[in-house]
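Visitor: The sequence isn't on hand, but the structure is:
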């Protein structure tokens, strides 16, 4: 019932090719969660809401700051980018058919 043991393996699941590349920066396994979620650059890309994907790819730093500061509100209607295909989650979203590659993300295949 305790998922703490999974924390050490998150890096394996977050990168598209774990045998070639590891998660940078690595996640701390010491108990602190201050660098997880929206505060980690790779995890932020995975968790970025689909409603702001264009803004995120135009200026990821500013979009991250807005998400962390609450200027952009994540709702239950926002799907995270890790659900879309591509080595960079959400990079294959099509303007005209946004849901075309939905549920084809590498994260889901594992």
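Guide: Everything's here; your move. Note that this is a predicted model, so its numbers are computed, not measured.

Visitor: who touches stretch 93-108?
Guide: The contact list for stretch 93-108 (C-beta atoms under 8 Å, 6 or more residues apart in numbering) reads 13-14, 16, 46, 50, 53, 79, 81-87, 89, 92. For the C-beta atoms, the positions are set from N, CA and C on the backbone; glycine is no exception.

Visitor: Compare those and tell me which is most surrounded.
Guide: residue 84 (27 neighbours; other C-beta atoms under 10 Å).

Visitor: For this protein, which segments are assigned as helices?
Guide: Secondary structure of the chain by DSSP state H: the helices cover 10-14, 41-47, 53-58, 60-69, 106-109.

Visitor: and the third one, which residues are buried?
Guide: Within helix 53-58, the residues that count as buried by 16 or more other C-beta atoms under 10 Å are 53, 56-57.

Visitor: sorry, back to before: for the helices of the chain, give me CSV that also has distance to residue 4 and mean pLDDT.
Guide: Shown next, in CSV, are these (distance: least, C-beta to C-beta, whole Å; pLDDT from 0 to 100):
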stretch, distance to residue 4, mean pLDDT
helix 10-14, 11, 78
helix 41-47, 17, 87
helix 53-58, 30, 91
helix 60-69, 24, 91
helix 106-109, 21, 75
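
Visitor: Now residue 83. Nearest residue, chain neighbours left out?
Guide: Nearest non-adjacent residue to residue 83, counting by C-beta to C-beta, 6 or more residues apart in numbering: residue 105, 5.2 Å away.

Visitor: what's the burial count for residue 73?
Guide: 10.

Visitor: How about the one 3 residues further on?
Guide: The tally of other residues near residue 76 (other C-beta under 10 Å) stands at 5.

Visitor: With that, I have no additional questions.
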